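A.B. asks: can you look at this prediction? I've put the sequence above it.
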Amino acid sequence: MAELRTLTRAWVYLLIAYIAVRVLPVPRVVALLEGLSPKEKKEIPSTRLARLVDIAACRHLRPMTCLPRSLALQALLRRHGVSADLLIGVRREAGALRAHAWIEDAGNPVGDPADIRRLFLPLVSSRNAS
């Protein structure tokens, strides 16, 4: 039952993040989602929370890109007592600039490959975005 509540919460956070990033700067969206996230007593492993966000994103009204996914995951992780950081990085691919957002817990990516920093150069972190 706790996982179903968390999955539902992930779906709602994704919707809020999807809409909010269109009208607010990212640090304000982080604060908005964090305001919705009181601490949770039951701990769920970070990798499981990442999977629940992925499941909710795959069943959403609109395709969810990495930024709303990462914002929702960060809010859920913080809800469970993990001080996760949002990172936004870039890379050049076929002459174009590509961007990606991901979450790290103590420098370790959550829900992304371990070598994500090798693939994308981090430009913004929620630690220095405010």
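C.D. replies: Yep, that arrived. Everything numeric in this text was worked out from a predicted model, so none of it was measured. Numbering: from 1, shown residues only.

A.B. asks: doesn't Ala10 make contact with Leu52?
C.D. replies: Yes: the pair Leu52 / Ala10 is scored as a contact, 5.2 Å apart, by C-beta atoms under 8 Å. All C-beta spots, glycine's among them, are computed from the backbone N, C-alpha and C.

A.B. asks: show me where the protein has its helices.
C.D. replies: 2-20, 26-35, 46-58, 66-79, 116-119 (DSSP state H).

A.B. asks: elements contacting the second one?
C.D. replies: Taking 3 or more C-beta pairs under 8 Å, 6 or more residues apart in numbering; DSSP states H and E as the contact definition, the neighbouring helices and strands of helix 26-35 are helix 2-20, helix 66-79, strand 85-93.

A.B. asks: now swap in the shortest one and tell me
C.D. replies: With contacts defined as 3+ C-beta pairs under 8 Å, 6+ apart, the packing partners of helix 116-119 are strand 85-93, strand 96-105.

A.B. asks: closest to Pro68 out of the ones you listed?
C.D. replies: Of all the helices and strands packed on helix 116-119, it is strand 96-105 that lies closest to Pro68, at 8.7 Å by C-beta to C-beta.

A.B. asks: what mean pLDDT does that closest one have?
C.D. replies: Strand 96-105 carries an average pLDDT of 96.

A.B. asks: list of residues touching it?
C.D. replies: 46, 50, 66-67, 69-71, 73-74, 77, 82-92, 109-112, 116, 119-120 (C-beta atoms under 8 Å, 6 or more residues apart in numbering).

A.B. asks: I am finished for the moment; much appreciated.
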